[in-house]
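Colleague: The following comprises the amino acid sequence and a computationally predicted model.
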Amino acid sequence: MTIENLPAIRACRPAWNKGRIVGQKRPLLPKHVWAIRVRLEIANNVRDLALFNLAIDSKLRGCDQVKLKVADVYAAGQVKERASIIQSKTRKPVRFEITEGTRKSITAWLKDPMMIGSEYLWPGRFHERLHISTRQYARLVRDWVTSIGLEPSFYGTHSMRRTKVAQIYRKTGNLRAVQLLRGHTKMDSTVRYLGVELGDALAIAEAVEI
């Protein structure tokens, strides 16, 4: 009796995204940004306030945010008004603004004893780790959004990246500006990134009278 070669039967593994909310993380609204800032200020959490403010301004990916060096944002005895880094993912330069409030919070953080002799802007707490990890950064973001009553599964480190450009687009409708700020080579990438829909385009058109 011959036995046919049958395909091997493998145990079914649960899907990696089972029970998780997938897709783009939501950007924070201005009221969320201010609520988090107030809580961090009240708690006198100098490091987190500087990190949160710069994350909003820089619009960087988490992997680039955690690797920022002091020299990237500080020169000639003061925090720069504009900075530029090479992105890890694309290997292309991206420039970003550092607003006055963010400059003040970074200046305060640089005076902290923990920053003495540190090359990195967000040093790790252990000697073998030069800077905080992306996982630690993600936990901080989770703590921030949870502190103001938001559902943490809807937000993540990419929320920090999307927050300011989402507001720029809502207020100006200028996709080209967002494309330049994000370093996208194609406008299609910017459209997908923002989740621009026909309704957005119509709302912009309705606001213009000829």
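Modeller: Right, received. Where do you want to start? Predicted, not measured: the structure shown is a model, and the values here were computed from it.

Colleague: Off-centre distance for the longest helix along the chain?
Modeller: Longest helix of the chain, by residue count under DSSP state H: helix 157-172. Taking CA atoms, centre = their mean, to the nearest Å, one finds the center of helix 157-172 at 10 Å from the center of the full chain.

Colleague: How about stretch 113-133?
Modeller: On CA atoms, centre = their mean, the centre of stretch 113-133 falls 20 Å from that of its chain.

Colleague: Could you do stretch 79-92 as well?
Modeller: Taking mean C-alpha positions (CA atoms, centre = their mean), stretch 79-92 and its chain are 14 Å apart.

Colleague: Need the contact partners of it.
Modeller: 58, 60-61, 63-64, 67-68, 72-74, 93-98, 102-103, 106-107, 110, 183 (CB atoms under 8 Å, 6 or more residues apart in numbering). The C-beta positions use only the backbone N, C-alpha and C, and glycine is treated the same way.

Colleague: So which bits of the longest helix of the chain are buried?
Modeller: Across helix 157-172, burial judged by 16 or more other CB atoms under 10 Å covers 157-169.

Colleague: Quick one: the residues you listed as TSV, columns for pLDDT and distance to L28 too.
Modeller: Output for the buried residues of helix 157-172, formatted as TSV (pLDDT from 0 to 100; distance: CB to CB, whole Å):
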residue	pLDDT	distance to L28
T157	95	12
H158	90	11
S159	92	6
M160	93	8
R161	88	11
R162	85	8
T163	88	5
K164	87	9
V165	81	12
A166	80	9
Q167	82	9
I168	77	14
Y169	76	14
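
Colleague: In JSON lines: the residues you listed, plus distance to Q136.
Modeller: Shown next, in JSON lines, are the buried residues of helix 157-172 (distance: CB to CB, whole Å):
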{"residue": "T157", "distance to Q136": "11"}
{"residue": "H158", "distance to Q136": "16"}
{"residue": "S159", "distance to Q136": "16"}
{"residue": "M160", "distance to Q136": "14"}
{"residue": "R161", "distance to Q136": "17"}
{"residue": "R162", "distance to Q136": "20"}
{"residue": "T163", "distance to Q136": "20"}
{"residue": "K164", "distance to Q136": "22"}
{"residue": "V165", "distance to Q136": "24"}
{"residue": "A166", "distance to Q136": "25"}
{"residue": "Q167", "distance to Q136": "27"}
{"residue": "I168", "distance to Q136": "28"}
{"residue": "Y169", "distance to Q136": "30"}
